[in-house]
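> how would this look folded up:
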Amino acid sequence: MPSARVSGTNRTTSHPRRQPASPGCKGEKAEAGPLNPAWLRTFVEVYRTGSFGKAAHRLHISQPAVTQQIRMLEERVGVPLFVRHATGSRPTPAAESLARDAEGPVDALDFVLQRYFGVEGPSRPLRLGAPSDLVSDRILPALADMLRERVQLRTTLALSDALLAQLAAGELDIVVARERPRLKGIAALPLYDEECSLVASPETAREIPPDLSPAEAPRVLAAHPLVAFAESLPMIDHYWWSVFHAPPATAPDVVVPDHRAVLAAVRASVGITVVPTYLCAEDFACGTLVPLLTPELPPITTMYLATREGDVARPHVSAAHGKLLACGRTWN
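All right, here's what the predicted structure looks like:
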């Protein structure tokens, strides 16, 4: 530490080291002694559980100890991290920022301590978002080894845009999306290419000429109800532009955010739809559904595996990410 000698005396005057100001905060952080890394683990548990009491239970320490550690951490950061209320604790914007940077390293340290030293740390479920058909048919089988080892998993079933928004907000760890993520801070890799088919029940198909040309097909198909996965017709719109070079002429008549339910409606001759071809394999084999057209180049949708930047360093996220990428190479 630098010092300055006072003229005419033998005393020295030390200049205390100034702590840098917290990003986005006014003023300086308080000098509060050494930083205990355990405070960060406590902070992460309060952030994840939304409660000082629940964090204390998971960490096997007293609630006053949790309160004291968070207070010491707040003194070092220089701003409040949580707002206490009747049902728990709400993180401040500073806590949201700190959590994004701290969760990965804290989880990685817990993994090392458990694997090499047998020290059990608090674990958090892996939070995964994907369309429902992918979770049941592909994702759960791909992660079966991890789940048998008692890795906890929580799934969110929704449309890709909603899932990606939750991922960006830190509410999910991994998302399998049917669109390329375009959000800041989100990293994505192509997972696999998904072929899609225009299908109908045999009864509905008999009402449609089998030799439709791409030019006349949109007009003929517009006479039949569209059953869609989403109001925006993402897969249907992609099929129409790829095969007919034009958008669908009508809005969807039935919207069900689950491809299996969409297929159930189409089997009952409610209308026509576009779905991932792999979902129709058994129906095609037994004749309960038929493809209406057989394009020379079937439309393809690229699926993406998305995480927040840096999160793949966390052990469970890394393991699930690797397993899904490996299995994705075998999917079609």
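
> Distance from stretch 322-329 to the middle of the chain?
Stretch 322-329 has its C-alpha centroid displaced from the chain centroid by 16 Å (Cα atoms, centre = their mean, to the nearest Å).

> Name the residues of that stretch that come out as buried.
Buried positions in stretch 322-329, judged by neighbour count with 16 or more other Cβ atoms under 10 Å: 323-324, 327-328. Bear in mind the C-beta positions are built from the backbone N, C-alpha and C, glycine included.

> Between these, which sits nearest Met235?
Gly328 (18.5 Å; Cβ to Cβ).

> Surely the closest one touches Leu305?
Yes - contact criterion Cβ atoms under 8 Å: Gly328 and Leu305 qualify, at 7.2 Å.

> residues shared between the contacts of these two?
Leu191 (Cβ atoms under 8 Å, 6 or more residues apart in numbering).

> what's the longest helix in the protein?
helix 93-117 (DSSP state H).

> can you pull the buried residues of that helix?
Those buried within helix 93-117 under the rule 16+ other Cβ under 10 Å are 94-95, 97-99, 102-104, 106-107, 110-111.

> Just the ones of the buried residues of stretch 322-329 in helices?
Residues of the buried residues of stretch 322-329 located in helices (DSSP H): 323-324, 327-328.

> and stretch 85-104, C-alpha only, in CSV?
Extracted as CSV, the C-alpha positions of stretch 85-104 are listed here (Å, rounded to 0.1, in the frame of the first residue of the first chain):
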residue,chain,number,x,y,z
HIS,A,85,-42.4,-8.7,2.4
ALA,A,86,-45.1,-10.8,4.1
THR,A,87,-44.6,-13.9,1.9
GLY,A,88,-40.9,-13.8,1.3
SER,A,89,-38.2,-11.7,-0.3
ARG,A,90,-38.1,-10.0,-3.7
PRO,A,91,-34.7,-9.5,-5.4
THR,A,92,-33.7,-6.0,-6.3
PRO,A,93,-32.3,-5.2,-9.8
ALA,A,94,-28.8,-5.4,-8.2
ALA,A,95,-29.6,-8.9,-7.0
GLU,A,96,-30.8,-9.9,-10.4
SER,A,97,-27.5,-8.8,-11.9
LEU,A,98,-25.4,-10.4,-9.2
ALA,A,99,-27.4,-13.7,-9.5
ARG,A,100,-26.6,-13.9,-13.3
ASP,A,101,-22.9,-13.8,-12.5
ALA,A,102,-22.8,-15.8,-9.3
GLU,A,103,-25.1,-18.8,-9.9
GLY,A,104,-22.8,-20.6,-12.3
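
> what comes into contact with it?
Taking Cβ under 8 Å, 6+ apart as the rule, stretch 85-104 contacts 22-25, 40, 43-44, 46-47, 49-52, 54, 77, 79-83, 170, 308, 310-311, 313-314.

> Narrow those to those that are buried.
If we count by 16+ other Cβ under 10 Å, these have these buried: 22, 40, 43-44, 46-47, 49, 51-52, 54, 77, 79, 81-82, 170, 308, 311, 314.

> Shouldn't Arg154 be within a helix?
No - using DSSP: H, G, I helix; E, B strand; the rest coil, the assignment for Arg154 is strand, not a helix.

> burial measure for it, as a count.
Neighbour count of Arg154, defined by other Cβ atoms under 10 Å: 12.

> Now for it: which residues touch it?
125-128.

> Now render the residues you listed as CSV, adding secondary structure, distance to Arg58 and pLDDT.
Formatted as CSV, these follow (DSSP: H, G, I helix; E, B strand; the rest coil; distance: Cβ to Cβ, whole Å; pLDDT from 0 to 100):
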residue, secondary structure, distance to Arg58, pLDDT
Pro125, coil, 12, 85
Leu126, strand, 17, 91
Arg127, strand, 16, 92
Leu128, strand, 21, 97
